[in-house]
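*Asks:* Test case, fold it:
(one chain, ligands or ions: 2)
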Amino acid sequence: MADYFVPELQEDIETPALAVGTMAHLAPYPAVEKHMVALGFPGKRVDDWQEKGIAKLGEMLKKYRSLQVYLDICVKCGACADKCHYYLGTRDANNMPVQRAELMRGVYRRYFTPAGKLLPGVVRAHDFDEETLQKWITYFHQCSQCRRCSVFCPFGIDTAEITMAAREIMDSIGVGHKYSQEIICKVHEVGNNLGIPKPALKGTLAFMETDTLETMGHEVRLPLDEEGADVLLVTPSADFFSEPHIQSLIGYAKVFHQAGIRYTFSSVASEAGNFGMFIGSYEQKRRVASRINEAARALKVKRIVVGECGHAWRVAYSFWNTLIGPFDYLDPRYPVPQHMCEFTHELIQRGALTLDKEANDEYVVTMHDSCNVARATRMGNRPGGQFEIPRDIIRATCNHFVEMDPDTTHEKTFCCGGGGGTLTDELMDLRIQGSMPRMTALQRVMKRDKVNFMAMICAICKAQFTKVLPMYHMPMETIGGVHQLVSNAIQLGAKKGIV
Ligand code: SF4
Ligand code: SF4
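*Replies:* Numbers count the residues shown, from 1 in each chain. Ligands and ions are numbered 1, 2, ... in the order given. Purely as a prediction, here's the structure:
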């Protein structure tokens, strides 16, 4: 195993002494030419990259007024400085949100403000030169677009949006990130982030059906491409193959089984995730999302339900309507989109599921709110539904539930450390150090309350924690999905749901 630096966990999350450049060495792998070209970007860095990059920034300032406002209004109050998990974990000054954004603000001032053009040194303006570009490549890929900093900014400046803009500019000059580009290409070619072809998908779903029948004695279906089903279930592809994700997949299937509602997965839309958001590309976001629309129409479903994936829910909740709407062919009685938690919650509320809480008695459960769900979406028809609905489900399926420190949950939740396109091996040092705040809060309830299960509704969080928990000497089985708990508690064959 590579020699990673793992921070020693303290009792509390401490603000570190400032350091400069501790993570300057950690840039992501550059995108390969064929992926860049396939996505409509220059295959490699263009000769006139400076002019092109500055022109792209100018174009974006006109298109996205919020970007210009965010670049203009920062007063350097420092309220965001110690709120980023990557700064807290790495101590690198450039991972302070205000400093990260300053990498773009300096360029903005230099080329788009009178003072920056005349007196760059006085207003901290700087050229878009090789040194600056290298810092952009490094530090705009050390932001998980989690938006925690924006919660604490008195002006609501969203550094995640600045990161997305920087990545979009870099792509436009042929400087892309291998991991995200490769994944988007897999979706276009095969239909999902993992590149699982249809026969393999069909095989794994059939295997799970057989296994559920043999172990539980119930014909719980996991159908693929079934025309005329009521619901299209779109879920992260990790749910089909990875642990613990697959346990939630079985949970979804059991919920549909008990509710007596026909549903189907789709081989065309076998991915809920949408890395178009991570690279800041509206066009790629639209192309990835359009597969879901295509599948829903072809399968003639009445509803679309989204499984446990944080950024997928953000794209669905915040962008689907403008990206791929209108959804006038779906049944207007149901929300579009609907989260799997909303679906299960509604069934629980009207007594359509029988749940045995004692089935989860081995667990003392806490809840990790995923950034994109917490700070960029809602569930249900009330503010805070995105926090309360998953917790209601946990309370309905478990006897023992405790919260972590309130400064680390709900809208103040800490990123897992692997979001926003950082879930790649070459950034493992960042991922480990960036998870320190969440690990500290988790360790505290493990010691104090004997917590042994941290529930979540995000495929990236699950994948990230599975990797980093052992580095902090915690069992990787400590984490799992909310629907894993549902799966354990649900009584198959008990009272049937009514549609
Ligand atoms: S969006 Fe999240 S990762 Fe990015 S600077 Fe803000 S707190 Fe840090
Ligand atoms: S909190 Fe907002 S205004 Fe203050 S330094 Fe951070 S981004 Fe700037």
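*Asks:* ok, the nearest residue to G419 once chain neighbours are set aside to E346 distance?
*Replies:* Closest residue in space to G419, ignoring its immediate chain neighbours: S144 at 3.8 Å, by C-beta to C-beta, 6 or more residues apart in numbering. For every residue, glycine as well, the C-beta is placed using N, CA and C. To E346, S144 is 31 Å away according to C-beta to C-beta, to the nearest Å.
*Asks:* out of the two, which sits in the more crowded spot?
*Replies:* Neighbour count, other C-beta atoms under 10 Å: between S144 and E346, S144 has more, with 30 against 15.
*Asks:* Just the local confidence number for the most centrally placed residue in the chain, please.
*Replies:* Geometric centre of the chain, nearest residue: H311, 3.5 Å, by C-alpha atoms, centre = their mean. The model reports H311 with a pLDDT of 96.
*Asks:* which stretch of helix or strand covers it?
*Replies:* helix 310-314 (DSSP states H and E).
*Asks:* Next up, the contacts around the closest residue to the residue nearest to the centre of the chain other than its chain neighbours.
*Replies:* In this structure, H311 finds its nearest non-sequential neighbour in N372, 4.6 Å apart by C-beta to C-beta, 6+ apart. Taking C-beta atoms under 8 Å, 6 or more residues apart in numbering, we find N372 in contact with C146, G310, H311, W313, R314, G419, C458.
*Asks:* wait, what's in contact with H218?
*Replies:* H218 neighbours (C-beta under 8 Å, 6+ apart): T212, H257, L492, G493.
*Asks:* Just send those back as CSV, with secondary structure and neighbour count too.
*Replies:* Below are the contacts of H218 laid out as CSV (DSSP: H, G, I helix; E, B strand; the rest coil; neighbours: other C-beta atoms under 10 Å):
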residue, secondary structure, neighbour count
T212, helix, 21
H257, helix, 21
L492, coil, 14
G493, coil, 11
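*Asks:* Farthest pair within these?
*Replies:* Farthest apart among these by C-beta to C-beta are T212 and G493. That separation is 12.4 Å.
*Asks:* Which positions in the stretch 51-200 of the chain make contact with ligand 1?
*Replies:* 83-84, 86, 97, 100, 143-149, 159-160, 163 (C-beta under 6 Å from any ligand atom).
*Asks:* same for ligand 2: which of those are within range?
*Replies:* Restricting these to those near ligand 2 by C-beta under 6 Å from any ligand atom leaves P97.
*Asks:* Just confirm the residue nearest to G419 is within a strand.
*Replies:* No - judged by DSSP: H, G, I helix; E, B strand; the rest coil, S144 forms no part of a strand; its state is coil.
*Asks:* Does it touch G418 like I think?
*Replies:* Yes - the criterion here is C-beta atoms under 8 Å, and S144 meets it with G418 at 7.2 Å.
*Asks:* Find residues that contact each of the two.
*Replies:* Residues touching both S144 and G418 by C-beta under 8 Å, 6+ apart: G434.
*Asks:* Distance check, the closest residue to ligand 2 within the stretch 351-499 of the chain against ligand 1.
*Replies:* At 14.4 Å from ligand 2, K412 is the closest residue in the stretch 351-499 of the chain, using C-beta to the nearest ligand atom. Going from K412 to ligand 1 by C-beta to the nearest ligand atom, to the nearest Å gives 11 Å.
*Asks:* Now for the spatially closest residue to H483 that is not a sequence neighbour: which residues touch it?
*Replies:* Closest residue to H483 apart from its sequence neighbours, by C-beta to C-beta, 6+ apart: G251 at 3.1 Å. Counting by C-beta under 8 Å, 6+ apart, G251 touches G481, H483, Q484, L485, V486, S487, I490.
*Asks:* Narrow these to those in helices?
*Replies:* If you go by DSSP state H, the contacts of G251 have H483, Q484, L485, V486, S487 in helices.
*Asks:* I'd like those laid out as TSV, including neighbour count and distance to W320.
*Replies:* Below are the ones in helices among the contacts of G251 laid out as TSV (neighbours: other C-beta atoms under 10 Å; distance: C-beta to C-beta, whole Å):
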residue	neighbour count	distance to W320
H483	31	22
Q484	26	26
L485	27	28
V486	30	25
S487	24	27
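*Asks:* Of these, which is the nearest to Y263?
*Replies:* For the ones in helices among the contacts of G251, the nearest to Y263 is H483 (13.7 Å; C-beta to C-beta).
*Asks:* so who does the closest one touch?
*Replies:* Q247, S248, L249, G251, Y252, V255, E308, M340, T344.
*Asks:* at 10 Å what do you get?
*Replies:* Contacts of H483 were listed using C-beta atoms under 10 Å, 6 or more residues apart in numbering, and they are 235, 239, 245, 247-255, 307-308, 340-341, 344, 390, 393, 397, 455, 457, 490.
*Asks:* Residue ranges of each domain in this structure, please.
*Replies:* Domains of the chain are assigned by automatic domain parsing as 33-176, 185-402+451-489.
*Asks:* quick one: contacts for A79?
*Replies:* Per C-beta under 10 Å, 6+ apart, neighbours of A79: P97, V98, C149, V151, F152, C153, P154, F155, I157.
*Asks:* switch to 7 Å and redo it
*Replies:* F152, C153, P154 (C-beta atoms under 7 Å, 6 or more residues apart in numbering).
*Asks:* same thing with R262?
*Replies:* Contacts of R262 by C-beta under 7 Å, 6+ apart are A229, D230.
*Asks:* That one and ligand 1, how far apart?
*Replies:* Going from R262 to ligand 1 by C-beta to the nearest ligand atom gives 40 Å.
*Asks:* State the distance from that residue to ligand 2.
*Replies:* On the measure of C-beta to the nearest ligand atom, R262 and ligand 2 end up 49 Å apart.
*Asks:* Could you list the residues of the stretch 51-200 of the chain in contact with ligand 2?
*Replies:* Counting by C-beta under 6 Å from any ligand atom, the residues of the stretch 51-200 of the chain near ligand 2 are C74, V75, K76, C77, G78, A79, C80, P97, V98, C153, F155, I157.
*Asks:* Can you show me the helices along the stretch 351-499 of the chain?
*Replies:* 371-376, 385-397, 428-434, 436-449, 459-468, 482-489 (DSSP state H, counting those that start in this stretch).
*Asks:* for those helices, which one sits closest to G176?
*Replies:* Ranking these by their distance to G176 (criterion: C-beta to C-beta) puts helix 428-434 first, at 18.3 Å.
*Asks:* From the chain's centroid, how far away is the closest one?
*Replies:* Helix 428-434 sits 16 Å away from the centroid of its parent chain (C-alpha atoms, centre = their mean, to the nearest Å).
*Asks:* by contact count, what packs against that helix?
*Replies:* Packed against helix 428-434, as judged by 3 or more C-beta pairs under 7 Å, 6 or more residues apart in numbering; DSSP states H and E, are the following elements: helix 85-90, helix 459-468.
*Asks:* Give me whichever of these is most buried.
*Replies:* By mean neighbour count, with neighbours taken as mean count of other C-beta atoms under 10 Å, helix 85-90 ranks first of the helices and strands packed on helix 428-434 at a mean of 27.
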